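>>> sequence unavailable; structure follows:
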Ligand SMILES: C[S@@+](CC[C@H](N)C(=O)[O-])C[C@H]1O[C@@H](n2cnc3c(N)ncnc32)[C@H](O)[C@@H]1O
């Protein structure tokens with residue numbers, strides 16, 4: 001039994017490392033201030049809302065609770081955080097939340113009215129090209145920490161957290177910066 005537990009821990013650790021290397025970012029969650037700022041910046045939206053790289057579900061579950069009438073779709077590639085989201089959803093289901101273990105760069109994003117993410121420089125570059133081709137006119141992207149280079153945000157703010165996190169709101173199609 002102990003061996004089984006140890007094997008599971010090693011497997012989970014290896015999986016986390018593998019997907020961190022594959023996607024370019026660990027499943028580090030947004031902090032409390034970042035989450036609050038994203039929810040505030042979201043304003044009102046009928047949805048659908050796409051969380052791109054949902055990690056453990058910090059933003060996805062908060063968005064589903066904040067917008068009970070909007071469909072929220074959470075994309076996550078890494079098995080361990082995805083399994084944790086599945087567990088959270090099983091323990092306290094949100095009817096409006098759909099979990100997808102998928103690479104969002106291979107998913108159609110044109111239906112989303114609001115897109116939310118916390119990624120890294122390379123991830124933002126890849127997302128930028130994709131959204132320039134397929135984002136719904138009038139939809140919005142809210143992100144923190146990493147801006148989309150070459151786009152002018154509709155709004156931005158600096159949070160009073162340890163990292164002085166920058167939060168960016170873009171209206172799509174974007175204005176060139
Ligand atoms: C820094 S975490 C952010 C988690 C969550 N959004 C939050 O703010 O708490 C980034 C997550 O994006 C996921 N990710 C990165 N690129 C992805 C892709 N192309 N498709 C799906 N998930 C991706 C990573 O696995 C990681 O869990």
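In hand now; what should we look at? Everything numeric here is computed off the predicted structure, so don't read it as measured data.

>>> all contacts plus neighbour counts: C-alpha atoms, from now on.
Noted.

>>> distance of residue 99 from residue 1?
Using CA to CA, to the nearest Å, residue 99 is found at 31 Å from residue 1.

>>> more crowded one of these two?
The neighbour comparison of residue 99 against residue 1 (other CA atoms under 10 Å) goes to residue 99, with 19 against 6.

>>> for the residue nearest to the more buried one when sequence neighbours are not counted, helix, strand, or coil?
Using CA to CA, 6 or more residues apart in numbering and skipping the chain neighbours, the partner closest in space to residue 99 is residue 74 (4.9 Å). Assigned with DSSP: H, G, I helix; E, B strand; the rest coil, residue 74 falls in the strand class.

>>> show me what residue 74 is bridged to.
Under DSSP bridges, the beta-bridge partners of residue 74 are residue 51, residue 99.

>>> and for it, the neighbour number?
Residues near residue 74, counting by other CA under 10 Å: 28.

>>> next: residue 153.
Other residues lying near residue 153 total 21 when counted by other CA under 10 Å.

>>> who touches it in this structure?
If you count contacts by CA atoms under 8 Å, 6 or more residues apart in numbering, residue 153 has them with 168-171, 174-175.

>>> try 10 Å
141-142, 147, 167-172, 174-177 (CA atoms under 10 Å, 6 or more residues apart in numbering).

>>> try residue 124
Going by CA under 10 Å, 6+ apart, residue 124 touches 117-118, 130, 143, 146-149.

>>> make it 6 Å
Applying CA atoms under 6 Å, 6 or more residues apart in numbering, we find residue 124 in contact with residue 148.

>>> tell me how many other residues crowd residue 27.
Here the number of neighbours of residue 27 (other CA under 10 Å) works out to 21.

>>> give me the pLDDT for the closest residue in space to it that isn't next to it in sequence.
Leaving aside its sequence neighbours, residue 27 sits nearest to residue 55 (CA to CA, 6+ apart; 4.8 Å). Residue 55 is assigned a predicted lDDT (pLDDT) of 98.

>>> which SS state does residue 55 fall under?
coil.

>>> right, and it touches residue 81 too?
Yes - with contact defined as CA atoms under 6 Å, residue 55 reaches residue 81; the gap is 5.3 Å.

>>> who's more crowded, those two?
More crowded of residue 55 and residue 81, by other CA under 10 Å: residue 55, with 27 against 21.

>>> the host helix or strand of residue 82 and the ligand, any residue contact?
Using DSSP states H and E, residue 82 maps to helix 79-91. No - Helix 79-91 does not reach the ligand (CA under 6 Å from any ligand atom); its nearest approach is 6.7 Å.
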